[in-house]
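**Student:** got a predicted model here, sequence first, then my questions.
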Amino acid sequence: LSEWRQSMQAWRAHPGIGGYLLITNAGSTVTGLAQNIGVLVVGLFVGPVAAGLFRIASQLSGAMTKISTLLSRAIFAEVNRVRSAAGGDGLRHLYGRTNRLLYLTGAVILALTALLGKPVLLLMSGADYSPAYPLMVLLALAAVINMIGAMNEPTLMSGDGAWTAFWLQALATLFYGAVMMIALPRFGVYGAAGAMVAYALVRQILLRAATGRHLDRAE
(Lines give C-alpha, C1' and ligand atoms only; values in the text may rest on other atoms or scores of the structure.)
Protein backbone atom coordinates (compact mmCIF):
# COMPACT_ATOMS: atom_id res chain seq x y z
CA LEU A 1 0.00 0.00 0.00
CA SER A 2 2.84 2.40 0.77
CA GLU A 3 4.30 1.82 -2.69
CA TRP A 4 0.87 2.39 -4.22
CA ARG A 5 0.57 5.72 -2.40
CA GLN A 6 4.01 6.74 -3.62
CA SER A 7 2.99 5.84 -7.16
CA MET A 8 -0.09 8.01 -6.88
CA GLN A 9 2.03 10.90 -5.59
CA ALA A 10 4.32 10.55 -8.60
CA TRP A 11 1.27 10.37 -10.87
CA ARG A 12 -0.12 13.63 -9.46
CA ALA A 13 3.29 15.35 -9.51
CA HIS A 14 3.82 14.63 -13.22
CA PRO A 15 0.67 15.44 -15.21
CA GLY A 16 0.45 13.45 -18.42
CA ILE A 17 2.67 10.59 -17.30
CA GLY A 18 -0.22 8.12 -17.47
CA GLY A 19 -0.90 8.77 -21.14
CA TYR A 20 2.81 8.73 -21.86
CA LEU A 21 3.22 5.31 -20.23
CA LEU A 22 0.19 4.01 -22.11
CA ILE A 23 1.36 5.13 -25.54
CA THR A 24 4.98 4.06 -25.08
CA ASN A 25 3.95 0.59 -23.93
CA ALA A 26 1.50 0.32 -26.81
CA GLY A 27 4.32 1.22 -29.19
CA SER A 28 6.56 -1.47 -27.68
CA THR A 29 3.75 -4.00 -28.08
CA VAL A 30 3.26 -3.14 -31.76
CA THR A 31 7.00 -3.38 -32.43
CA GLY A 32 7.33 -6.68 -30.57
CA LEU A 33 4.37 -8.11 -32.47
CA ALA A 34 5.88 -7.18 -35.82
CA GLN A 35 9.27 -8.62 -34.92
CA ASN A 36 7.95 -11.97 -33.66
CA ILE A 37 4.89 -12.80 -35.71
CA GLY A 38 6.96 -13.93 -38.70
CA VAL A 39 7.54 -17.44 -37.34
CA LEU A 40 3.81 -17.99 -36.81
CA VAL A 41 2.91 -16.71 -40.28
CA VAL A 42 5.59 -18.83 -41.96
CA GLY A 43 4.51 -21.92 -40.03
CA LEU A 44 0.87 -21.37 -40.91
CA PHE A 45 1.23 -20.66 -44.63
CA VAL A 46 4.50 -22.35 -45.67
CA GLY A 47 4.98 -25.25 -43.27
CA PRO A 48 6.80 -26.45 -40.15
CA VAL A 49 10.14 -27.02 -41.91
CA ALA A 50 10.24 -23.45 -43.18
CA ALA A 51 9.14 -22.21 -39.75
CA GLY A 52 12.02 -24.14 -38.18
CA LEU A 53 14.52 -22.58 -40.57
CA PHE A 54 13.07 -19.12 -39.95
CA ARG A 55 13.15 -19.68 -36.20
CA ILE A 56 16.78 -20.77 -36.01
CA ALA A 57 17.80 -17.84 -38.22
CA SER A 58 15.76 -15.51 -36.06
CA GLN A 59 17.39 -16.82 -32.88
CA LEU A 60 20.92 -16.35 -34.20
CA SER A 61 20.22 -12.83 -35.43
CA GLY A 62 18.00 -11.97 -32.46
CA ALA A 63 20.90 -10.92 -30.26
CA MET A 64 21.12 -7.71 -32.27
CA THR A 65 17.44 -7.03 -31.65
CA LYS A 66 18.13 -7.26 -27.93
CA ILE A 67 21.10 -4.93 -28.37
CA SER A 68 18.83 -2.40 -30.09
CA THR A 69 16.33 -2.58 -27.22
CA LEU A 70 19.01 -2.10 -24.59
CA LEU A 71 20.58 0.75 -26.56
CA SER A 72 17.23 2.52 -26.92
CA ARG A 73 16.60 2.37 -23.19
CA ALA A 74 20.06 3.63 -22.31
CA ILE A 75 19.94 6.31 -25.01
CA PHE A 76 16.54 7.54 -23.82
CA ALA A 77 17.94 8.45 -20.41
CA GLU A 78 20.96 10.17 -21.92
CA VAL A 79 18.85 12.07 -24.47
CA ASN A 80 16.68 13.51 -21.71
CA ARG A 81 19.69 14.41 -19.59
CA VAL A 82 21.38 16.23 -22.49
CA ARG A 83 18.14 17.94 -23.52
CA SER A 84 17.70 19.26 -19.98
CA ALA A 85 21.33 20.31 -19.51
CA ALA A 86 22.38 21.54 -22.96
CA GLY A 87 19.15 22.17 -24.87
CA GLY A 88 18.57 21.61 -28.57
CA ASP A 89 22.19 22.19 -29.63
CA GLY A 90 23.45 19.54 -27.22
CA LEU A 91 20.74 17.14 -28.32
CA ARG A 92 21.62 17.59 -32.00
CA HIS A 93 25.32 17.06 -31.24
CA LEU A 94 24.56 13.87 -29.29
CA TYR A 95 22.31 12.61 -32.09
CA GLY A 96 24.98 13.07 -34.77
CA ARG A 97 27.81 11.64 -32.69
CA THR A 98 25.87 8.57 -31.60
CA ASN A 99 24.60 7.90 -35.11
CA ARG A 100 28.15 7.80 -36.47
CA LEU A 101 29.07 5.23 -33.83
CA LEU A 102 25.97 3.15 -34.58
CA TYR A 103 26.66 3.13 -38.33
CA LEU A 104 30.20 1.88 -37.75
CA THR A 105 29.05 -0.77 -35.27
CA GLY A 106 26.30 -1.95 -37.61
CA ALA A 107 28.70 -2.35 -40.53
CA VAL A 108 31.09 -4.43 -38.40
CA ILE A 109 28.29 -6.67 -37.09
CA LEU A 110 26.85 -7.24 -40.55
CA ALA A 111 30.28 -8.15 -41.93
CA LEU A 112 30.89 -10.59 -39.07
CA THR A 113 27.47 -12.16 -39.63
CA ALA A 114 28.17 -12.68 -43.33
CA LEU A 115 31.63 -14.14 -42.66
CA LEU A 116 31.05 -16.21 -39.54
CA GLY A 117 27.31 -16.83 -39.63
CA LYS A 118 27.40 -20.06 -41.62
CA PRO A 119 30.14 -21.78 -39.54
CA VAL A 120 28.30 -20.82 -36.36
CA LEU A 121 25.01 -22.06 -37.79
CA LEU A 122 26.52 -25.42 -38.79
CA LEU A 123 28.25 -25.76 -35.43
CA MET A 124 25.06 -25.07 -33.48
CA SER A 125 22.47 -26.85 -35.61
CA GLY A 126 24.18 -29.13 -38.11
CA ALA A 127 24.22 -29.35 -41.90
CA ASP A 128 20.46 -29.87 -42.10
CA TYR A 129 20.00 -26.20 -41.18
CA SER A 130 22.40 -24.77 -43.76
CA PRO A 131 19.45 -23.39 -45.82
CA ALA A 132 18.81 -21.05 -42.88
CA TYR A 133 22.01 -19.09 -43.62
CA PRO A 134 20.48 -16.71 -46.23
CA LEU A 135 17.57 -16.16 -43.86
CA MET A 136 19.99 -15.36 -41.05
CA VAL A 137 21.80 -12.77 -43.19
CA LEU A 138 18.50 -11.11 -44.16
CA LEU A 139 17.23 -11.05 -40.57
CA ALA A 140 20.63 -9.79 -39.40
CA LEU A 141 20.35 -6.98 -41.95
CA ALA A 142 16.93 -6.06 -40.55
CA ALA A 143 18.35 -6.10 -37.02
CA VAL A 144 21.30 -3.93 -38.04
CA ILE A 145 18.96 -1.40 -39.68
CA ASN A 146 17.04 -1.17 -36.41
CA MET A 147 20.27 -0.89 -34.45
CA ILE A 148 21.75 1.94 -36.49
CA GLY A 149 18.43 3.77 -36.08
CA ALA A 150 18.42 3.26 -32.32
CA MET A 151 18.71 7.03 -31.74
CA ASN A 152 15.54 7.91 -33.61
CA GLU A 153 12.77 6.64 -31.36
CA PRO A 154 14.31 7.75 -28.01
CA THR A 155 15.03 11.22 -29.43
CA LEU A 156 11.52 11.54 -30.81
CA MET A 157 10.00 10.43 -27.51
CA SER A 158 12.11 12.82 -25.43
CA GLY A 159 9.74 15.69 -26.15
CA ASP A 160 6.17 15.62 -27.39
CA GLY A 161 6.70 12.96 -30.05
CA ALA A 162 5.46 9.85 -28.24
CA TRP A 163 2.17 9.76 -30.15
CA THR A 164 3.99 10.39 -33.42
CA ALA A 165 6.35 7.48 -32.68
CA PHE A 166 3.40 5.19 -31.94
CA TRP A 167 1.51 6.02 -35.15
CA LEU A 168 4.65 5.62 -37.24
CA GLN A 169 5.26 2.22 -35.62
CA ALA A 170 1.69 1.21 -36.41
CA LEU A 171 2.01 2.43 -40.01
CA ALA A 172 5.26 0.51 -40.49
CA THR A 173 3.63 -2.63 -39.06
CA LEU A 174 0.74 -2.35 -41.51
CA PHE A 175 3.27 -1.98 -44.32
CA TYR A 176 5.04 -5.11 -43.04
CA GLY A 177 1.80 -7.07 -43.15
CA ALA A 178 1.09 -5.93 -46.72
CA VAL A 179 4.60 -6.85 -47.91
CA MET A 180 4.36 -10.21 -46.15
CA MET A 181 1.09 -11.01 -47.93
CA ILE A 182 2.69 -10.23 -51.30
CA ALA A 183 6.13 -11.79 -50.76
CA LEU A 184 5.23 -14.94 -48.81
CA PRO A 185 3.20 -16.71 -51.55
CA ARG A 186 5.78 -15.82 -54.18
CA PHE A 187 9.09 -16.38 -52.36
CA GLY A 188 8.12 -18.50 -49.37
CA VAL A 189 10.19 -18.19 -46.20
CA TYR A 190 12.73 -15.97 -47.95
CA GLY A 191 9.93 -13.57 -48.79
CA ALA A 192 9.08 -13.40 -45.09
CA ALA A 193 12.68 -12.53 -44.25
CA GLY A 194 12.76 -9.93 -47.03
CA ALA A 195 9.54 -8.43 -45.65
CA MET A 196 11.28 -8.03 -42.29
CA VAL A 197 14.10 -6.10 -43.98
CA ALA A 198 11.58 -3.87 -45.78
CA TYR A 199 9.73 -3.29 -42.49
CA ALA A 200 12.90 -2.30 -40.65
CA LEU A 201 13.94 0.07 -43.44
CA VAL A 202 10.56 1.80 -43.75
CA ARG A 203 10.22 2.03 -39.96
CA GLN A 204 13.57 3.78 -39.60
CA ILE A 205 12.96 6.07 -42.58
CA LEU A 206 9.68 7.23 -41.02
CA LEU A 207 11.22 7.65 -37.57
CA ARG A 208 14.27 9.42 -38.99
CA ALA A 209 12.14 11.96 -40.87
CA ALA A 210 10.02 12.67 -37.79
CA THR A 211 13.12 12.88 -35.58
CA GLY A 212 14.73 15.38 -37.94
CA ARG A 213 11.71 17.67 -37.64
CA HIS A 214 11.72 17.17 -33.87
CA LEU A 215 15.39 18.18 -33.63
CA ASP A 216 14.80 21.26 -35.77
CA ARG A 217 12.19 22.45 -33.26
CA ALA A 218 14.26 21.59 -30.16
CA GLU A 219 15.53 24.62 -28.24
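**Tutor:** That came through fine.
**Student:** show me what counts as buried in the lowest-mean-pLDDT helix or strand in the chain.
**Tutor:** Between all helices and strands in the chain, the lowest mean by mean pLDDT, DSSP states H and E belongs to helix 17-45, at a mean of 76. Across helix 17-45, burial judged by 16 or more other CB atoms under 10 Å covers 23-24, 27, 30-31, 34-35, 38-39, 41-43, 45. (Each C-beta comes from the backbone N, C-alpha and C, glycine too.)
**Student:** hey, which helix is longest across this protein?
**Tutor:** helix 48-125 (DSSP state H).
**Student:** now find how far off-centre that one is within its chain.
**Tutor:** 8 Å (CA atoms, centre = their mean, to the nearest Å).
**Student:** so which elements touch it?
**Tutor:** Under the contact criterion of 3 or more CB pairs under 8 Å, 6 or more residues apart in numbering; DSSP states H and E, helix 48-125 touches helix 17-45, helix 132-148, helix 152-157, helix 189-217.
**Student:** redo the ones you listed as JSON lines? Include distance to residue 170.
**Tutor:** Shown next, in JSON lines, are the helices and strands packed on helix 48-125 (distance: least, CB to CB, whole Å):
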{"stretch": "helix 17-45", "distance to residue 170": "6"}
{"stretch": "helix 132-148", "distance to residue 170": "16"}
{"stretch": "helix 152-157", "distance to residue 170": "13"}
{"stretch": "helix 189-217", "distance to residue 170": "10"}
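**Student:** residue 164: which of these is closest?
**Tutor:** Minimum separation from residue 164 across the helices and strands packed on helix 48-125 (CB to CB) falls at helix 189-217, 5.3 Å.
**Student:** got the angle for that closest one vs helix 17-45?
**Tutor:** 160 degrees (axes from the mean of the first three to the mean of the last three CA atoms, to 10 degrees).
**Student:** got the angle between helix 189-217 and helix 132-148?
**Tutor:** Using the same axes, to 10 degrees: helix 189-217 against helix 132-148 is 10 degrees.
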